[in-house]
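In: A predicted structure for the sequence below; I have some questions about it.
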Amino acid sequence: MSLDQQIYQRILAFIHKPVDESFESLALQVFRHQFESVGPYRRYCEERGANPETVRCIDDIPAVSNVAFKFADLSSDDARQLPGALVFLTSGTTQGREQRGRHIVPRPQIYRASAIAHLRTMLFPDERRMAMLAMHPTAEAMPESSLAQMISWCVEEFGTGTQLAAASRDRVDSGAAIRFLAEAEASGEPVCILGTTAANRTTFASSSLGLFTGPFVCGSLRMCGFAAFAGNFAFLFWAH
């Protein structure tokens, strides 16, 4: 097993069973690997006088703004050639679609494991599967979106098979979403609602149509943030 593979296996093991005492040594190992294999990051570190010899603790590791993804590929030269590698793009809302950031993920299993571990802890600690309502496009409709990919992973991991993708690239079908929720409420089936704040607000504003007649069971409403700054959230509505 190559050093590269050893590091990835150690990261996966930490995600599945985190141990506080091992975090710093793992972070330093990842830093050394990134310094050696990611040219733009190595140059960034060298300009700040940081290298594997001078970085002795996690606080010494130079952090990179997410803006950097708009100007450089922060990955190894062969990252895109690895089997199963994914490329995610930012929305382009800040500087236009011509200046979209690009995030190359050479081994998506790390990305998936991290997303699922967070969702399992924050939304699904009881491991209960449920119907899924996606108010944001899934990976099938928007493969360049990391949020779309995380939503698809959530549906795969925690869904029952009863699901609705109510959003396309252009619009959210609130009517279809409301009908889906009405059917779930009538059957008493819990529903996980995944999407952006704006999309969910549109749907929940339709509660006057007779949905969510309540009251909610104590502890039945859970919320988990995907990306708070961008306003993307996941909601869990427990139908009754």
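Out: Cool, the structure landed.
In: Please make it C-alpha for all contacts and neighbour counts, starting now.
Out: Noted.
In: what ranges do the strands span in this protein?
Out: For the chain, the strands defined by DSSP state E cover 86-89, 102-105, 130-134, 159-165, 191-196, 221-227, 232-237.
In: mean pLDDT for the ones you listed: which is lowest?
Out: Lowest mean pLDDT of these: strand 232-237, a mean of 49.
In: do you know how far the residue of the chain most remote from its centre is from Gln34?
Out: In the chain, the greatest distance from the average C-alpha position (CA atoms, centre = their mean) is reached by Glu53, at 33.2 Å. Relative to Gln34, Glu53 is positioned 14 Å away (CA to CA, to the nearest Å).
In: quick one: low-confidence ranges for the chain?
Out: Under the criterion pLDDT under 70, the flagged ranges of the chain are 1, 91-99, 202-240.
In: which helix of it spans the most residues?
Out: When the chain is parsed with DSSP state H, its longest helix is helix 20-37.
In: Figure out how far that helix is from the centre of its chain.
Out: Here the centre of mass of C-alpha atoms in helix 20-37, compared against the chain's by CA atoms, centre = their mean, to the nearest Å, lies 22 Å away.
In: Give me the contacts around that helix.
Out: Helix 20-37 is contacted by residues 4, 7, 10-11, 41-42, 45, 51-52, 55-58, 61, 75-77 when judged by CA atoms under 8 Å, 6 or more residues apart in numbering.
In: Can you flag the buried ones in those?
Out: Buried by 16 or more other CA atoms under 10 Å: 11, 41-42, 45, 51, 55, 61, 75-76, out of the contacts of helix 20-37.
In: quick one, domains of the chain?
Out: With domains defined by automatic domain parsing, the chain comprises 1-64, 68-106, 110-237.
In: So which of the ones you listed is the most surrounded?
Out: Across the domains of the chain, the average number of neighbours (mean count of other CA atoms under 10 Å) peaks for domain 110-237, which reaches a mean of 17.
In: Surely Glu127 is in contact with Ala117?
Out: No: using CA atoms under 8 Å, Glu127 makes no contact with Ala117, being 11.5 Å away.
In: ok, the residue nearest the centre of the chain - contacts?
Out: The chain has Met150 as the residue nearest its centroid, 4.4 Å off, counting by CA atoms, centre = their mean. By CA under 8 Å, 6+ apart, the contact list for Met150 reads 112, 115.
In: same thing but at 10 Å, please
Out: Taking CA atoms under 10 Å, 6 or more residues apart in numbering, we find Met150 in contact with 111-112, 115-116, 119, 138-139, 156, 194, 226.
In: Nearest to Asn200 among the residues you listed?
Out: Nearest to Asn200, judged by CA to CA, of the contacts of Met150 is Leu194 at 8.2 Å.
In: who's the closest one bridged to?
Out: Beta bridges link Leu194 to Ala134, Ala234, judged by DSSP bridges.
In: Kindly provide the distance from it to Arg48.
Out: For Leu194, the distance to Arg48 equals 41 Å [CA to CA].
In: same thing with Asp126?
Out: As judged by CA to CA, Asp126 and Arg48 stand 46 Å apart.
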